[in-house]
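>>> coords please:
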Amino acid sequence: MQFPGAISDHSLIHWRLPVVTQPIIVAPREFRKWKSLDYDKLRCALLESELCDVNNRPRSAEEYFDRYERVLRSLVHDHVPVTRLGRRRQRLAPWMDAECFSLRRLSKRLEKRYRRSGLATDRLEWVQHERRRHKIYRQKESAYWNLRLSADASSSKRLWRTLNSMMGASQTKQTSKTVPTAQHLLDFFNAKINVVRQSTGNRLLQFR
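Numbering: from 1, shown residues only. Now for the predicted structure:
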C-alpha cells in the first residue's frame with residue numbers, strides 16, 4: 001500500500017538461478033499388443049497366404065521353413081505391429097548389488113499378485129517384504145559409505161571427493177560467475193536501504 005506524498009522504493013526484483021538437473025534415463029522398449037489380436041482375421045489371412053496354397057508347394061524342407069518363417073513374420077507384423085515406448089529409469093545407487101536387484105524383482109511380483117487378487121493376505125506379505133527390503137537397502141548404503149570414508153581417510157583429497165559424491169556435488173556443474181550469489185543479493189539490499197536512508201533522513205513524511 002502506498003500513501004499519497006510518501007516516498008516508496010517498492011519495485012519488482014527478479015534474477016535467475018541455475019538449476020542443474022541430471023538427464024533422464026530413457027530405456028527403449030518394444031512389445032506387441034497380443035491381447036488386441038483378432039484371431040478370425042489372422043486365420044483368414046493365413047488361409048489366403050501362400051503357405052496354404054496347395055498349387056504352389058515347396059520342393060524341399062528348406063523352402064518349407066523359409067516360407068513358413070517369412071509368411072508368419074509378415075502376418076504378425078501386419079496384425080500385431082511392434083509398439084515402441086521409452087521407459088524412464090532411475091539412476092542406480094553405487095551400493096546396489098545382486099541381492100538388491102533380487103529383492104526388487106520379488107517386490108514387483110508380490111505387488112502384481114496383490115493388485116490382481118486384492119486379498120489382505122497378499123497385501124500383508126507385500127508390505128512386510130517392502131519393509132525388509134528398505135531395511136536391507138539402508139544397511140547396505142550405510143556400510144558402503146562407511147567403507148568408502150574409512151578407505152579415503154588417509155587422503156584429504158579423496159575424502160573430499162567421496163563427501164562430494166555423497167552429497168551429489170560431483171554431479172552438478174559449477175555456478176557461473178555471472179549469476180548473483182547470496183552475498184551479492186545481501187549487498188544489493190543493504191545498498192538500497194542506505195540510499196533510502198540518506199535520501200529521506202532530513203524529510204518528514206506526511207500522511208493524509
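
>>> Please make it C-alpha for all contacts and neighbour counts, starting now.
Fine.

>>> Quick one: list the elements packing against the lowest-mean-pLDDT helix or strand in the chain.
Within the chain, confidence by mean pLDDT, DSSP states H and E is lowest for helix 156-167 among all helices and strands, at a mean of 75. Judged by 3 or more Cα pairs under 8 Å, 6 or more residues apart in numbering; DSSP states H and E, the packing partners of helix 156-167 are helix 120-151.

>>> Who are the packing partners of the helix it packs on?
Counting by 3+ Cα pairs under 8 Å, 6+ apart, helix 120-151 packs on helix 98-117, helix 156-167.

>>> What mean pLDDT does the helix or strand that the last one is followed by get?
Taking DSSP states H and E as the definition, the helix or strand that follows helix 156-167 towards the C-terminus is helix 182-200. Summarised as a single mean, pLDDT over helix 182-200 is 83.

>>> Off-centre distance for helix 182-200?
43 Å (Cα atoms, centre = their mean, to the nearest Å).

>>> Would you mind writing the CA trace of it as CSV?
The C-alpha coordinates for helix 182-200 follow below in CSV (Å, rounded to 0.1, in the frame of the first residue of the first chain):
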residue,chain,number,x,y,z
ALA,A,182,23.5,-14.8,-1.7
GLN,A,183,26.2,-12.2,-0.7
HIS,A,184,25.6,-10.2,-3.8
LEU,A,185,21.9,-10.1,-3.0
LEU,A,186,22.5,-9.0,0.6
ASP,A,187,24.9,-6.3,-0.6
PHE,A,188,22.3,-5.1,-3.0
PHE,A,189,19.6,-4.7,-0.4
ASN,A,190,22.0,-3.1,2.1
ALA,A,191,23.0,-0.5,-0.5
LYS,A,192,19.4,0.2,-1.4
ILE,A,193,18.5,0.7,2.3
ASN,A,194,21.4,3.1,2.7
VAL,A,195,20.4,5.1,-0.3
VAL,A,196,16.8,5.4,1.0
ARG,A,197,18.0,6.4,4.5
GLN,A,198,20.3,9.1,3.0
SER,A,199,17.6,10.5,0.7
THR,A,200,14.9,10.6,3.4
